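S.K.: Please work out how this folds:
(2 chains)
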Number of protein chains: 2
Amino acid sequence: MDDMTVPAAASAETLRNMHAYWRAANYLSVGQIYLLDNPMLRQPLTQAHVKPRLLGHWGTTPGLNFIYVHLNRVILAHDLSVLYVTGPGHGGPGLVANAYLEDTYSEVYPDIAQDAEGVRRLFKQFSFPGGIPSHVSAETPGSIHEGGELGYSLSHAFGAAFDNPDLIVACVVGDGEAETGALATSWHSNKFLNPVHDGAVLPILHLNGYKIAGPTVLARIPRAELAALMTGYGYEPFFVEGDDPDAMHRLMADTLDLVVQRIGAIQRDARANGFTERPRWPMIVLRSPKGWTGPRTVDGKPSEGTFRAHQVPIADMHKPGHLALLEQWMHSYAPDELFDADGKLIAPLRALAPAGARRMSANPVANGGALLRDLVLPDVHEFAVDVAAPGATLAESTRVQGEYLRAVMQQNMSNFRIFSPDETASNRWAAVFEASARCSTAEILPGDEDVAADGRVMEMLSEHQCEGWLEGYLLTGRHGMFSCYEAFIHIVDSMFNQHAKWLKSANDIAWRAPIASLNYLLSSHVWRQDHNGASHQDPGFIDHVLNKKAEIVRVYLPPDANTLLAVTDHCLRSRDKINVIVAGKHPEAQWLDIDAAIAHCRAGIGVWEWASNDRDDDVDVVLACAGDVPTLEALAAVQMLREHFPTLSVRLVNVVDLMTLQPAHVHPHGLDEAQFDTMFTTDKPVIFAYHGYPSLIHRLTYRRANHANIHVHGFREEGTTTTPFDMVVLNQVDRFHLFAAAVERVPKLQPVRQAALQFAQDSLAAHSAYIREHGIDMPSILDWTWNTGAPNNAH
Amino acid sequence: MDDMTVPAAASAETLRNMHAYWRAANYLSVGQIYLLDNPMLRQPLTQAHVKPRLLGHWGTTPGLNFIYVHLNRVILAHDLSVLYVTGPGHGGPGLVANAYLEDTYSEVYPDIAQDAEGVRRLFKQFSFPGGIPSHVSAETPGSIHEGGELGYSLSHAFGAAFDNPDLIVACVVGDGEAETGALATSWHSNKFLNPVHDGAVLPILHLNGYKIAGPTVLARIPRAELAALMTGYGYEPFFVEGDDPDAMHRLMADTLDLVVQRIGAIQRDARANGFTERPRWPMIVLRSPKGWTGPRTVDGKPSEGTFRAHQVPIADMHKPGHLALLEQWMHSYAPDELFDADGKLIAPLRALAPAGARRMSANPVANGGALLRDLVLPDVHEFAVDVAAPGATLAESTRVQGEYLRAVMQQNMSNFRIFSPDETASNRWAAVFEASARCSTAEILPGDEDVAADGRVMEMLSEHQCEGWLEGYLLTGRHGMFSCYEAFIHIVDSMFNQHAKWLKSANDIAWRAPIASLNYLLSSHVWRQDHNGASHQDPGFIDHVLNKKAEIVRVYLPPDANTLLAVTDHCLRSRDKINVIVAGKHPEAQWLDIDAAIAHCRAGIGVWEWASNDRDDDVDVVLACAGDVPTLEALAAVQMLREHFPTLSVRLVNVVDLMTLQPAHVHPHGLDEAQFDTMFTTDKPVIFAYHGYPSLIHRLTYRRANHANIHVHGFREEGTTTTPFDMVVLNQVDRFHLFAAAVERVPKLQPVRQAALQFAQDSLAAHSAYIREHGIDMPSILDWTWNTGAPNNAH
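M.R.: Down below sits the predicted model:
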C-alpha cells in the first residue's frame, strides 16, 4: 500500500471512462437476466433472443456495479488489496459481470471466453437450468459470501479482516439486510478489530429505498438520525447521495479517496505507535435509486427508483412494447462503444481494472483454501487425563480440552482464533486466556480480567456474530473453533444451513481449494444446566445438522476427556466439514486412557469389553450409549444388571461418532451391515441411552436389521432448574429406567421381572423424595463409581 | 391516566420509603438464592439454613428491583397501567420478590402466604427441585417474557403495546442482551408504533457492565457515542448513572417523572390531532453496579460492580467466613425494619405499591388469555375456489387465503395483525392491503404503495422482529399470523423453541388462561423458489417443530386452496398451539371442492377415492403424498400407473395433518393402529411423496406395522435456481421416479419391470435435455392435467 496521505483526485477523463465501464457492467448484468442470444445486440432484438423464464434481481445491481468500478480506481491508485463482500447478494449478475470484465471469469471457466460467444454463454447460463444461480454464490470468483439469506455480510467482512493486515474488505450492506438482527448488531464488530494486526473493513450502506415491496427503515429516517446511528455505532459516516451519474461519480471518487486516506492514517498510526484507542473507522452511506439506469416507467408505472425495479423490471416480454423497451434500455448503455468487434471490452476500459491478484474477483483471500496453512497441533498425549481404571478418575472434559486449545493457540498465533458468546470461561476453556485474552478495542477497565486489544478470543453476546466472524475467518484460509451453550446454538441454525450449502457447492468447484472445517463445541448441554432452566435445554441442533449432506456434517459425542481430546485433534485437522462436538463441563468419571480413547474415536463406535460380560455368540441384551451423561447412566445400569443377574450376558456399546450408525451407503462413516449386526445383534434387545431426541437414533438406524429391537431413551422435552440426576429421571434416561427397560425385554428375566421392576420403581421414588427434600442428589448417585470387580463372564 | 403535564416531584420521605421497599425486594431476592430456612434471620444463620445447591443470578437483580419500585411510584402518581418486561430474565428472584411484596404471588399461589412461613416457602421453592425456575418464567405473575435466551424483550414489549393504547410497557434491556442481533434491530420498532391507537414502550437500557465474564459493548463506549446511538435509533435518551443509592433515587424519580410526562404529551397530541410524524419516544439509560448492594469483596476480590457478582457472589458456603458474610449482607437490608413480627411487609411500605390490576405483577395483559376475544371469522365457503372436477381449476392457494385473511382483518380491526419480513405481497397475500396497509410511522413517500401509519400489516425485514412482535401480541390476548418464506423461518428456530416451552409451562399453570395459537404460513417453499436458489431451499423447520411436545405443535400441508382455507380457519380458532402451515403460492391444480376440503382437513388424512382404483381387499400399491407439489407428482404417477397397467390396483392417500401419521398414544391427532393399517395396508408397498426431508416420515411412522414397506421420496438437499419440474427431478420426487419406485416394488409388475423402468428413465432424459436447452419445463409437464377418464376399478 503506498502513501495514501495525498489522494490523487480522479480526473474528469478517468470519471468518463469509469462511467463507460459502469455501463459495460450494467449491460452485462441486464443481458444475463434477459438474453439467450444476440448478446451484443447487433441484430434487432426478437422474442427468440429472450429467455423464456426471466429470473434475477436487477434492483440492487447497478449500485453494486457503481461501487465496484470506484473501488477498482482506488485499488489501482494505491495498490490496495480489496475483498468485495456483497451483502445484497441478489445482485449476482453484477458480480459475475465484473468478474467477467476483468477476465477472472474466463480464467476459471474457460468456456466463457472473452468474445461475443463467451458473452452469449455468460448470459445464457445465468439462472438457467444447469447454469449458475442468480445470487452471488460459491461459483462466483472473488466471493466468500452467499447471496441468499441476508444479515451476515459485515460479520463475514470482519472475519475476513482479522489477521489480514494488508486487506481492506469493502462490504456493501443493503438497506433491506440492515433491518435484520444479525446485521444490526454486526456494526459493533469495530470494537473487536485491531488496526495493528487486522485489516480494515469499509462498510458501504447502500440505501436504495425498498425491499421486495415495502420501504426500508434506514432510508426513511432523517439524514441526521442516520448519521447519529452510524456515529453511535462508532463510525465516521460519509454520505454519497444522488441520482445524476456525473455528479455521483465525482462525489463517490472524492469520498473514496478520503476514506482510503483515513484508513491509511489509522493503520500507520497504530502500526507505528501501537494500539492506543479504538479508531473511528470511516463508512459510506450510498443513496442511489433502486434499479438505477433501468427503465423509468414500465406499463405507465414508475420503475427506476421504486420497489418495482427489485427483480425483473420488464417482466412479461409478450406484452406489447416490452421487447422494444428492453432493447432501448440495453442500447442506452451503447454496447458498441464498450465492446470491440469480437465482443471484448475495449482496452482503455480494461485498463481501469486492476490485474492479477489485485482484481477483487481474483483476490486470493476469496479462495481461502489456497492460502490455508495446517495448524501446528500439540500431541494430545501431553494433555491426557490419567485413567488407571475405568471410572477411577474424575475430570471436567472441556477444561482438559481448554488446556489443549491453549497450546493450539500458542502455536498458531496468527491463524487460529476462538469464538464464543461470552461462554469461554463458563464452558471451562479459561486456560486459553493464558495464551491470549478476550479481544476488545473498546474501553478496558482495571477490574477486567483477560481482556486486551490484541486478544484472540472473540467474545460478543451474539451467536450470529461468532458464527459470522468464524465463517469469514475460515473462508479466507484460517482456522477456528466456536464454543456455545448447546441450547443457544439454534440461534444460528439458518447460518449453519447456508455455510453447509456453501461447502456442498464449493466441493463441486474445481478451483476452490478445501478450507478448514467449522468446529463447534456445544457444552453446558441439555443435561447439565444447573444455573438455568427449561429454556436452556434443547439438544436439537444435532437433528438440524443431520438434515444436511452427509459429506459435509459430522457429530461427535465423546464420553470423557480423553475421547474429547482425540475428537478435537481430528476436527482441527479436517477440511470442508462442519464438526459438532457435544461434551459436558462438569466433573465426570473418566473411562478410557488416551490410547484407548484414540483407538475408540478412530473407530467411532465400539464395544467396551471392560464393561461387558457377553460372549460373542451369547448376548442377552445390548446397552448402547452416546453422550457423556447417557454413558454414565448406561454403565450404572449395566453394573446393576450384572449385580442383580450374574448370569446375564450384557454388552455395552459406546458411540462417539453418531454417523457410524447410518448405513455405509448413506454416510462415509457408516458401519457396514455386517459390522453393525455383529455389534448390535440381529435379534437381541438394544437399550440405547442417547444424549438428544430419541427419534434421531431411529432415523439413523431404521434400515438396520435389528431396528425393531432398538429402544431409545433420550431427551423428551422434560426439564426445569433441578438436579442433574432429576433431569435424567424426568426424561427416563437414568440408570433405573434403563435397567427396567432391559429387564422388560430380556426373555430369560421374565420370571423375575416383577421384583426387578419394583426395585427400579422404589429406587426412583426414594431418589425423588430425597431430591425434593434436600435439593441435591442422593449420596448413592453422587458417589457412584464403576465397580470393576463385577463378574466378567468372557474377558 | 391523569394529566401528566405537571409531575409531582417525589418527596424526600417518599424516596426514603422507596429505598426501604427496595431493600425489602433485595432481601427477598438474596433469600431466594440462599436460604432454606430462618427466612427472617431471627436466629443466627447456620449452614442448615442455607441451600446445599446455590443457583440463581444476583447480578442483575438489584437493578431490576430498583426500577420496579420507581415504576410503582409513577403508577400510583398517575394511575398508569404498566407492564414490566424483564429482558435480563435471569433476575427471576427480583420479579418474584416484587410479586410477593404486592400480594399477587400469594393470591395465585395461596400456599405462599404473607407471613414468615410464606417467606420460608418462597425462599425454598426457588431453583429447587419441584419448585420454580431461577428465571422469569410462565410461573411468574406479571410476566409475558421467558428469562432464558436473550434478545427478544423489546420485540415482546412492542408486540404488547400494539393496540393497547392505555398501556405503558417498561422494558428493561440488559447490556448483555443488547449485544444480540434480535435486540439490536428491535430498537427500530419505534417506526411501527402509532401513538394514536398503540400504547407506549419505555426502554430502559440497564448498563451494569458485564456479561457472565466479559465486559459489555455498550458499557464501554463513550457516553456521547451511546447517546448518538440511541438518538440514531430514534429515541430521546435520559441518563441515570451512579452507585450512591440516595442520589440515584432522586435522579431516577425525577427522570421517570419527565419521561412519563413526555409519553403523555406525545399521546395527547396524537390522539387530539391525529398522527402527524413519528414521535421521538423517551428511553432511559440506567448505569448501576452489577450486584449493587451486594458484598463489596469476597475472598479478597472485588464482587459488587464486577462480573463476579453475575450469579451467586458468595458461592461455597463452607469456606471460612462465607456464612458470616452472607448473614452480614442480608442484615444490611435491616429486615426487621421492613417486615413485622409475622414476617409481613410493614404497611407504610405496602402503601408504596399499587393495588389490584394496577400492580405490574397483576396487570391483566400479562395473562392475555383472560382478555382474549374470539376472532369474528368469515365463512370459508365465500372464498372457496370452484372445483367442478379434480384438476379442472388452477388457483394460487395463498392468494385465495389472502382474500380470506382480508375479511378476517376487516372484521377484527383491533385485535388481529399480520406479520411478515416484507413477504406479504410476495407470498400472495396482497388482498389484505385492501383491509389495512403496511404499518410505518417513518417517512412515507408518494410512490409507496399500501403503506400507512395506521397499517396493521407489520413488515420489517427481520424474522426475529416479526416473531417477537407476534408473540408479544398473542401473549397479551390478541390474534395474528406470520407469513414467511419457508427457508428463512429457521432464523427463529430458537424463538419458536422458547415460545413452545412457554406454552407447555403455561398449560400447567391454573391461573394462566389459554391464548391464541401462533400461526405460521410458510410459502415460497422449497419446491417453488423460482427467483432464488439453493440457499432458499430448506423444509427443515417442520423437523425442528416436531421435536417439541405433541400437545403444542401442529403441522399442516394442505394440497390446494380449499384445504388451505379449511386449515386456516381451524388454526385461527385454536388455542395454545403452534400451527405450521406450508402452502405454495404459484398457480396449481385444485383437487377438492370446499366441502370435500373441510371434511378432508377434519380427518387430516384420507384416501382420495376419485384418484384410486383399488378395492379395499385388493391393493397392489399405495401412493401417499403430503404437500402440494408432492400431491401433484403423486397424482401424475398414479395416472401413469393406471394408464400403463390398467389391472393394477392403486390407492392414493393424501395427508394434510402430518400428526395423523404418528401413533395415537404419541400425538392426539394420531391415527390408531387399525385406521392406519386399513389405509396403508400391513404388507403392500407404500410410495410416499413428501414435501420435506424423507427421514421425518420414517420418524413419524416407524412404529407402524407396514413401516418396512414405506418408501419415502422427499427433499434430498439437491437444488439450485432451476425450473419447478427440474427441482422435483433433482430430488427424485417427480412422477417418473415415483412411478419407477412403484413398479420396482409391486410383485405382479416384475415381468414388465424392465420396460417400465426404461420408459421412466427415457422420459427423465427427455425432460432433462429439454429443460437444459429451453430453460423451461416441457409442455407435457406444464399442461398436464388429471385425467378423470382413467379406468376406476372400484368406485
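S.K.: Could you report the distance from residue A:755 to chain B?
M.R.: According to CB to the nearest CB, to the nearest Å, residue A:755 and chain B sit 27 Å apart. For the C-beta atoms, the positions are set from N, CA and C on the backbone; glycine is no exception.
S.K.: what's the span of stretch A:187-204 from first residue to last?
M.R.: End-to-end span of stretch A:187-204 (CA to CA, to the nearest Å): 11 Å.
S.K.: Any buried residues in it, and which?
M.R.: Neighbour-count burial for stretch A:187-204 flags A:187-204 (criterion: 16 or more other CB atoms under 10 Å in any protein chain shown).
S.K.: for stretch A:607-626, same thing?
M.R.: A:607-608, A:610-614, A:619-626.
S.K.: Would you map the helices across the stretch 101-250 of chain A?
M.R.: Taking DSSP state H, counting those that start in this stretch as the test, the helices found in the stretch 101-250 of chain A are A:104-108, A:116-125, A:153-161, A:181-186, A:223-232, A:245-273.
S.K.: And the contacts of the third one?
M.R.: What it means is helix A:153-161. Under the criterion CB atoms under 8 Å, 6 or more residues apart in numbering or on different chains, residues A:83, A:85-87, A:89, A:144-145, A:167-169, A:171-173, A:177, A:182-183, A:186-187, A:189, A:192-193, A:198-201, A:203, A:365, A:464-465, A:467-476 lie in contact with helix A:153-161.
S.K.: try 7 Å
M.R.: With CB atoms under 7 Å, 6 or more residues apart in numbering or on different chains as the test, helix A:153-161 has contacts from A:83, A:85, A:87, A:144-145, A:167, A:169, A:171, A:173, A:177, A:182-183, A:186-187, A:189, A:193, A:198-201, A:203, A:365, A:464-465, A:468-473, A:476.
S.K.: same thing with stretch A:513-524?
M.R.: A:367-370, A:372, A:398, A:423, A:426-427, A:470-471, A:474-475, A:477-479, A:481-486, A:489, A:499, A:541, A:571-572, A:574-585.
S.K.: Could you measure from the residue of the stretch 401-550 of chain A found nearest chain B over to residue A:494?
M.R.: Proximity to chain B, evaluated over the stretch 401-550 of chain A using CB to the nearest CB, is greatest for residue A:535 at 2.4 Å. Using CB to CB, to the nearest Å, one obtains 20 Å as the distance from residue A:535 to residue A:494.
S.K.: Enumerate the residues of the stretch 651-795 of chain A near chain B.
M.R.: A:693, A:695, A:698-699, A:702, A:717, A:720-723, A:726, A:771-772, A:774-776 (CB under 7 Å from any CB of the partner chain).
S.K.: Can you name the two of those residues that sit furthest apart?
M.R.: Across those, the longest distance by CB to CB is 42.4 Å; it joins A:702 and A:774.
S.K.: quick one, which of the two is more surrounded?
M.R.: Taking neighbours as other CB atoms under 10 Å in any protein chain shown, residue A:702 and residue A:774 compare with residue A:702 leading, 19 against 16.
S.K.: ok, now which ones touch that one?
M.R.: B:698, B:702.
S.K.: Mind pulling up the pLDDT for it?
M.R.: According to the prediction, residue A:702 has pLDDT 89.
S.K.: Tell me the backbone dihedrals of it, please.
M.R.: phi -70, psi -20 (degrees, to the nearest 10).
S.K.: JSON lines for the helices of the stretch 101-250 of chain A, including mean pLDDT?
M.R.: Formatted as JSON lines, the helices of the stretch 101-250 of chain A follow (pLDDT from 0 to 100):
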{"stretch": "helix A:104-108", "mean pLDDT": "98"}
{"stretch": "helix A:116-125", "mean pLDDT": "98"}
{"stretch": "helix A:153-161", "mean pLDDT": "98"}
{"stretch": "helix A:181-186", "mean pLDDT": "98"}
{"stretch": "helix A:223-232", "mean pLDDT": "98"}
{"stretch": "helix A:245-273", "mean pLDDT": "98"}
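S.K.: and of these, who's closest to residue A:60?
M.R.: Using CB to CB, these put helix A:153-161 closest to residue A:60, at 12.3 Å.
S.K.: Using PDB, write out every CA atom in that closest one.
M.R.: C-alpha atoms of helix A:153-161 as PDB (Å, rounded to 0.1, in the frame of the first residue of the first chain):
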ATOM      1  CA  SER A 153     -22.200  -9.600   5.300                       C
ATOM      2  CA  LEU A 154     -20.500  -7.400   7.900                       C
ATOM      3  CA  SER A 155     -19.700 -10.300  10.200                       C
ATOM      4  CA  HIS A 156     -18.100 -12.100   7.300                       C
ATOM      5  CA  ALA A 157     -16.200  -9.000   6.300                       C
ATOM      6  CA  PHE A 158     -14.800  -8.500   9.800                       C
ATOM      7  CA  GLY A 159     -13.900 -12.300  10.000                       C
ATOM      8  CA  ALA A 160     -12.000 -11.900   6.700                       C
ATOM      9  CA  ALA A 161     -10.200  -8.800   8.000                       C
END
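S.K.: And that helix, how far out from the chain middle?
M.R.: 12 Å (CA atoms, centre = their mean, to the nearest Å).
S.K.: Same check on stretch A:132-147?
M.R.: 16 Å.
S.K.: just stretch A:386-402 next, same as before
M.R.: On CA atoms, centre = their mean, the centre of stretch A:386-402 falls 31 Å from the chain's centre.
S.K.: ok, residues contacting it?
M.R.: With CB under 7 Å, 6+ apart, stretch A:386-402 has contacts from A:383, A:385, A:427-432, A:521, A:523, A:560-562, A:564-565, A:568, A:583-593, A:610, A:628, A:785-786, A:788.
S.K.: so of the residues you listed, which ones are in strands?
M.R.: Per DSSP state E, strands hold the following members of the contacts of stretch A:386-402: A:521, A:523, A:587, A:588, A:589.
S.K.: ok, the second one to residue A:717 distance?
M.R.: When distances are taken as CB to CB, residue A:523 and residue A:717 turn out to be 20 Å apart.
S.K.: From the neighbour counts alone, determine which of the two ranks first.
M.R.: residue A:523 (26 against 20).
S.K.: excluding its backbone neighbours, what's nearest that one?
M.R.: residue A:427 (4.3 Å; CB to CB, 6 or more residues apart in numbering or on different chains).
S.K.: Break down the stretch 601-750 of chain A into its helices, ranges please.
M.R.: A:628-644, A:673-680, A:694-701, A:724-730, A:735-745.
S.K.: okay if I get the helices of the stretch 101-250 of chain A as TSV plus mean neighbour count and distance to residue B:222?
M.R.: Output for the helices of the stretch 101-250 of chain A, formatted as TSV (neighbours: other CB atoms under 10 Å in any protein chain shown; distance: least, CB to CB, whole Å):
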stretch	mean neighbour count	distance to residue B:222
helix A:104-108	20	43
helix A:116-125	21	50
helix A:153-161	30	21
helix A:181-186	30	19
helix A:223-232	19	10
helix A:245-273	18	18
